[in-house]
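Visitor: Here is my input, please return the structure:
(one chain, ligands or ions: 2)
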Amino acid sequence: MACESQQFAGQFNRELVHGPDLVGWVHGLVHLNFGNPRNIHPPTRGENWQNSSSRFFQKLLLEPIDLSQLDGPNHEKVVEAIVTAEKIGFFQDVNHGVALELLESLKIATNRFFDQPTERKALYLNGVGPCPLAVYGTSFLPNKEAILKWKDYLRVSYSTDAEAHEYWPKECKEEALEYIKSCTNLVRRLVEIILTSLGMTLDYSRLESLIENKLIFVNYYPPCPNPDLTLSAGSHSDAGILTVLLQDGVGGLLVKVEEDANAENKEEWIEIPPTPGALLINVRDALQILTNGIFRSAEHMVRATSKQSRVSIPFFALPRLSEKIAPLPWLVEHDGYCLDVDMATDSLDCNPIDCNQLWISGNVAISVSTISAKFLIWSKVVVWRRLLFVF
Ligand SMILES: O=C(O)CCC(=O)C(=O)O
Ligand SMILES: [Fe+2]
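Guide: Ligands and ions are numbered 1, 2, ... in the order given. Sure, this is the predicted structure:
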């Protein structure tokens, strides 16, 4: 059967197409003992990152929010904790409704896929595989980019159960499908909480439209011979609404926190400690725009490590392609300013952003896309952020 999801998955087809003979896969390089990362980033501090000195962040990171309490007498307290955390951009949660056995089996399935010989994985290369719903790729692009990242990935996009069964790799399709479904329920609940906390009356169809497109990246970071010279994933923020991230126990995910208004917390990169059973929730760019900057899409990156391979599986919920994303009018009125998003080619000021554009630019595998965004935040500081999408 021909793949019917061209419009959906075709959004990602700006990816560079590799022939299966290219020795560009980081996994292959490591096994061939061939690769040494090119010196690419300003000093990355390699593996020597300090934990945050801020007690506030230590608490935020070390005490995951217990989402099961949303159903009990502590409901309001938990909502407040979620809203506070999402203003910084992220939080970890437990009892999130995604089965712990599923998280474990997904990590095992990930290794099952990546441990295969390259020629098996190459069946899913962009342009080679039967359908762009499952695409195997790498961020290590020596022929195309000066900046090389130490990461391979499998991108799995959801359309229907039938297409998932037909086109996704058998090594991980059951686990990936169940994970996408569980994460969808989690995101639905969190988006509802976040937006209603801002006074938005969210009808079911708008909610579904905001999170209509669902996909996961199955990220595989092999051990890196010289982690001081590179990153596994460069600094970026994600397009879309919310991300749910599962990481294994290796660590290395760094998130940038901004200095707060009363300077109690300084701008710094802090490491998200892997916490057994926890999932990380990240605000993404579309939600930052929608909420006029109240919720922050935090920049993040992944440091490389020489010790062992690392696996992470982010679930992305993205708006329908036709959805227009703009700051909610009553927030603009209340705040007295409008988040100003200035994409590379258009100056959009307060105009809605075509989600198609946001999605194409923001997400996935456009090697290095050069969209820059200007956000006017409430402290009236203009911050230029470079949205480097570095898959
Ligand atoms: O590997 C991680 O922990 C983060 C991955 C990530 O940021 C992404 O895939 O967008
Ligand atoms: Fe990301």
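Visitor: Let me know whether A99 touches S182 as I believe.
Guide: Yes. Between A99 and S182 there is a contact under C-beta atoms under 8 Å: 7.0 Å. (C-beta placed from N, C-alpha, C; glycine too.)
Visitor: Between the two, which is the more surrounded one?
Guide: Higher neighbour count among A99 and S182: S182, with 19 against 12, using other C-beta atoms under 10 Å.
Visitor: ok, the residue found closest to the more buried one once you drop the neighbours it is linked to in the chain to R189 distance?
Guide: Using C-beta to C-beta, 6 or more residues apart in numbering and skipping residues adjacent in sequence, the residue nearest S182 is V98, 4.2 Å away. Distance, V98 to R189, using C-beta to C-beta, to the nearest Å: 12 Å.
Visitor: These two: which is more packed in?
Guide: Neighbour count, other C-beta under 10 Å: between V98 and R189, V98 has more, with 22 against 15.
Visitor: would you say that one is within a helix?
Guide: No. V98 sits outside any helix when classified using DSSP: H, G, I helix; E, B strand; the rest coil, being coil.
Visitor: looking at it, it is touching L279, isn't it?
Guide: Yes. Using C-beta under 8 Å, V98 is in contact with L279, at 6.4 Å.
Visitor: Need the overlap of contacts for the two.
Guide: Common contacts of V98 and L279 (C-beta atoms under 8 Å, 6 or more residues apart in numbering): L186, V244.
Visitor: what's the pLDDT at the residue in the stretch 251-391 of the chain that ligand 1 sits nearest to?
Guide: In the stretch 251-391 of the chain, no residue comes nearer to ligand 1 than S312, which is 3.2 Å away by C-beta to the nearest ligand atom. The score at S312 is 97. That number is its pLDDT.
Visitor: contacting residues around it?
Guide: Residues near S312 by C-beta under 8 Å, 6+ apart: F217, N219, Y221, L245, L246, Q247, D248, L253, V302.
Visitor: so what strands line up beside whichever strand or helix holds it?
Guide: For S312, the element it lies in under DSSP states H and E is strand 310-318. Its sheet considered, strand 310-318 pairs with strand 213-221 (antiparallel), strand 242-247 (antiparallel) by DSSP bridges.
Visitor: after it comes which helix or strand?
Guide: strand 324-325.
Visitor: tell me which strands and helices that following strand is in contact with?
Guide: Applying 3 or more C-beta pairs under 8 Å, 6 or more residues apart in numbering; DSSP states H and E, we find strand 324-325 packed against helix 285-290, strand 353-354, helix 355-362.
Visitor: One more pass at 6 Å, please.
Guide: If you count contacts as 3 or more C-beta pairs under 6 Å, 6 or more residues apart in numbering; DSSP states H and E, strand 324-325 packs onto helix 285-290.
Visitor: which bits of this structure sit near ligand 1?
Guide: F217, N219, A233, D238, L245, Q247, L253, H300, V302, S312, P314 (C-beta under 6 Å from any ligand atom).
Visitor: Widest-spaced pair of these?
Guide: Within these, D238 and Q247 form the most distant pair, 14.8 Å apart (C-beta to C-beta).
Visitor: which one of the two has more residues nearby?
Guide: Between D238 and Q247, counted using other C-beta under 10 Å, the more crowded position is D238 (26 against 23).
Visitor: Next, that one: secondary structure please.
Guide: The three-state assignment at D238 reads coil, by three-state DSSP.
Visitor: That one is in contact with A286, isn't it?
Guide: No. The pair D238 / A286 is not scored as a contact, 9.3 Å apart, by C-beta atoms under 6 Å.
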